[in-house]
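Novice: My questions concern the predicted model and sequence given below.
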Amino acid sequence: MKKDADAPPGKGGDEAGLREREALYRALIEMTGTGYVVLDMEGRVMDANTAYVRLSGHRELGEILGRSVAEWTADPEKENNLLEIKRCFKEGVTKNLEVSYIDRDHHIIPIDVNATAARIGGKLRSIALCRDITARRKAEEELLYFKKAVDSSSDAIGMSTPEGRHYYQNEAFTKLFGLTASQVDGAEGPPSTIYADEKAGKEVFATIMRGEPWIGQVKMKGGDNRLLDIWLRAYTIKDPSGKILGLVGLHTDITEHKRIERALRESESRYRALYMDSKDAIMLLSSDGFFIAGNPATVKMFGCRDEGEFAMLSVSRLSPEYQPEGVLSAAKEREMIKRAMETGAQFFEWTHVRKDGTEFPCTVLLSRIEGGQGPFLQSTVRDVTAQKKAEGELLKTMRDLAEANRHLHDSQSQLLQSEKMASLGQLAAGVAHEINNPMGFINSNLGTLGGYIETLKKLLALHERYLEVSRDGAGGEGEKILREIGELRKREDVSFILEDVDLLVNESLEGTRRVKEIVTGLKSFARLDEADIKEANLNEGIEATLKLIWNELKYKCEIRKKLGTLPPLRCHPGQLNQVFMNLLINASHAISEKGTITIETGVENGQIVIRIADTGAGIPEENLSKLFTPFFTTKPVGKGTGLGLSIAYGIVKKHHGDIQVESKAGKGTAFTIRLPLSGVADERG
């Protein structure tokens with residue numbers, strides 16, 4: 001048959017036509033940017049186009065023919081990739097399988113695979129189309145990053161379709177307006193219920209629906225129906241061609257800023273002259289202490305160019321870490337702000353820091369000011385550098401008093417000794433009783449032990465006679481002695497004696513231990529005026545003091561101890577024990593019948609803190625200011641020297657510490673001692 005010249009390639013099955021058609025199909029496959037590969041059932045490459053060769057990290061088809069795709073698949077996915085190839089042969093198709101190839105430079109390339117099983121030349125093969133999805137992965141990651149940024153934004157963000165259907169809101173939107181995604185999902189436009197004026201809401205929505213941005217202030221309703229001032233920015237989202245893809249609204253709550261502005265406007269006319277012309281720094285603060293505005297003196301006092309520069313300084317830079325008394329500035333600042341808000345005003349001394357880092361002393365008056373939208377604070381700061389300098393010069397003129405002060409120090413030592421002797425006098429009966437108790441049962445035990453020894457001596461004598469008779473072989477005499485031994489053991493109950501001896505000895509040893517503790521405590525107390533400074537654990541001093549005065553406490557006081565872990569402190573241990581003793585005995589005297597004394601220790605803000613509280617009668621308010629005055633006492637004549645608390649105060653001050661008292665009549669009293677961890681220096685140097 002003659003071949004038709006116009007027949008399509010391969011028509012009629014001739015070999016030349018088949019080759020021409022095969023060449024055409026291969027040219028088409030090579031022209032596409034998609035990788036094409038034919039695999040056998042073991043995953044070996046039977047054929048592939050140039051795009052696939054490059055995806056596999058090779059240059060020529062011959063480099064990969066007959067090799068398994070697992071060779072250029074990333075390690076974690078090798079086995080899974082081969083399983084997916086087998087599944088394709090089993091199920092006939094694989095769709096959107098994502099695998100990772102490794103190129104010649106060891107870079108990971110994400111690949112999207114779609115494959116089908118087909119017979120080629122009578123053999124079952126997998127024909128796969130493979131696309132590099134690196135760009136898609138990058139876009140997905142960028143989209144995820146963008147979504148996280150939007151989700152975590154402090155601005156309330158809502159989105160809708162070009163048709164106005166609300167489909168997204170972030171957490172800030174839910175929190176600000178109190179509407180969950182399910183309440184607004186699919187609604188036509190932003191929920192009209194959040195606008196205070198529904199007409200304004202429709203106007204905003206209509207504007208952005210026309211593709212125009214809307215920026216401005218609107219009134220909206222919060223989740224608790226509070227009226228909010230909102231700064232709204234509403235925009236269209238467009239693709240590169242200008243087609244509108246969606247709408248987005250960003251809502252910033254400026255209610256607090258507006259409230260502050262209104263409060264400032266209300267007070268401006270009254271305070272402007274004083275505020276602007278004052279030599280004192282006057283600052284307006286929010287109720288939680290954040291800076292709002294300051295007068296020119298503020299800028300000048302802190303060494304700044306203008307108010308803007310001052311506002312940029314962090315709060316922590318305006319004060320040293322610790323105030324001169326050793327208290328953390330941040331903690332004291334919070335306490336002063338709290339007191340001012342509660343009482344209306346708070347006046348105190350402070351140390352501030354200028355921009356250049358120099359410290360200066362000042363006084364601060366915090367005043368609560370009521371505005372139309374709530375309270376805020378006015379802080380008036382006065383630089384007292386010149387005043388402190390004058391005080392320093394005044395102190396120089398007092399040097400002539402140094403000698404007199406030395407004599408006073410000697411007098412104080414004598415008073416300390418007198419108070420020690422007075423305390424010993426008060427303790428004498430109790431200590432004697434405490435020693436007498438163990439000595440009583442020791443004496444009794446020794447008497448009993450003496451009787452036991454006489455019995456045991458008789459028993460021992462009988463045993464010795466029996467041994468002598470036994471050596472002579474006199475059986476009759478030996479039996480008589482054994483009967484006497486048995487009668488003695490039964491009559492005197494020797495088994496009980498042997499058991500009781502151990503108990504009596506142990507009781508006596510315990511009694512001697514108790515006496516030793518009391519004597520040791522007395523010796524420690526007797527060294528009250530020693531000059532040596534030692535490292536001591538104050539918990540141990542408290543325990544020793546309790547043992548020494550236990551007779552004063554045990555009949556009517558329950559002792560509760562909450563002793564924290566304390567580091568060793570360089571101090572005069574005996575003197576501090578005197579302080580503990582005075583406070584504990586006073587607490588005992590304040591309890592008429594039954595009560596509790598609580599002792600707490602710990603470390604706070606670089607200080608050891610000891611707190612001794614009782615549930616006694618308390619101290620009248622008019623007496624609190626006189627407690628540490630020498631010779632002041634509320635006890636009957638002859639019952640107290642009036643020096644105990646005064647000396648305790650002096651001892652604590654000598655250790656660079658502080659002692660404070662809190663008391664309520666009928667409720668009880670608490671003394672708090674604070675001692676710096678640095679301790680005291682060696683006075684001999």
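Specialist: In hand now; what should we look at?
Novice: Surely F347 is in contact with T363?
Specialist: Yes: F347 lies in contact with T363 (C-beta atoms under 8 Å); the separation is 6.9 Å. C-beta: built from backbone N, CA, C; applies to glycine.
Novice: ok, these two, which is more surrounded?
Specialist: T363 (15 against 12; other C-beta atoms under 10 Å).
Novice: Quick check: bridge partners of the more buried one?
Specialist: Beta-bridge pairing of T363 under DSSP bridges involves E349, R382.
Novice: List the residues that contact it.
Specialist: Neighbouring residues of T363 by C-beta atoms under 8 Å, 6 or more residues apart in numbering: F347, F348, E349, W350, V381, R382, V384.
Novice: let's see it at 10 Å
Specialist: Contacts for T363 (C-beta atoms under 10 Å, 6 or more residues apart in numbering) come out as D280, F347, F348, E349, W350, T380, V381, R382, D383, V384, Q387.
Novice: Distance of it relative to T385?
Specialist: 11 Å (C-beta to C-beta, to the nearest Å).
Novice: Between F347 and T363, which contacts overlap?
Specialist: T380.
Novice: now G478, nearest residue through space, not along the chain?
Specialist: Spatial nearest neighbour of G478, chain neighbours left out: V469 (4.7 Å); criterion: C-beta to C-beta, 6 or more residues apart in numbering.
Novice: any weak-confidence spans in the stretch 401-550 of the chain?
Specialist: Flagging of the stretch 401-550 of the chain using pLDDT under 70 yields the residue ranges 401-437, 441, 472-475, 517-532.
Novice: Helices of that one, start to end?
Specialist: Secondary structure of the stretch 401-550 of the chain, counting by DSSP state H, counting those that start in this stretch: helices at 402-472, 475-492, 494-526, 538-548, 550-553.
Novice: Next one, pLDDT for A340 please.
Specialist: On the pLDDT scale, A340 is placed at 90.
Novice: Can you give me the neighbour number for it?
Specialist: 25.
Novice: Equivalent analysis for Q346, please.
Specialist: Residues contacting Q346 under the criterion other C-beta under 10 Å number 20.
Novice: Do you know the pLDDT at it?
Specialist: 90.
Novice: for the record, mean pLDDT for the helix or strand K653 falls within?
Specialist: Element membership for K653, per DSSP states H and E: helix 644-654. Across helix 644-654, pLDDT averages out at 84.
Novice: Could you do stretch 560-573 as well?
Specialist: 92.
Novice: quick one: buried residues of it?
Specialist: L563, L566, L569, R570, C571, H572, P573 (16 or more other C-beta atoms under 10 Å).
Novice: How about stretch 168-180?
Specialist: In stretch 168-180, counting by 16+ other C-beta under 10 Å, buried: Y168, Q169, N170, A172, F173, T174, L176, F177, L179.
Novice: Just want to check the distance between the closest residue in space to A670 that isn't next to it in sequence and T601.
Specialist: Nearest non-adjacent residue to A670, counting by C-beta to C-beta, 6+ apart: A613, 3.7 Å away. Distance of A613 to T601, given as C-beta to C-beta: 12 Å.
Novice: Then W214?
Specialist: W214 is 64 Å from T601, where distance means C-beta to C-beta.
Novice: lowest average confidence, helix or strand, in the protein?
Specialist: helix 181-184 (a mean of 60; mean pLDDT, DSSP states H and E).
Novice: After that one, which helix or strand is next? Please name it.
Specialist: Following helix 181-184 in sequence, per DSSP H and E, is helix 198-209.
Novice: Show me what the helix or strand that that next one is followed by is packed up against.
Specialist: Moving toward the C-terminus from helix 198-209, the next helix or strand (DSSP H and E) is strand 214-221. Judged by 3 or more C-beta pairs under 10 Å, 6 or more residues apart in numbering; DSSP states H and E, the packing partners of strand 214-221 are helix 171-177, helix 198-209, strand 227-238, strand 244-253, helix 255-277.
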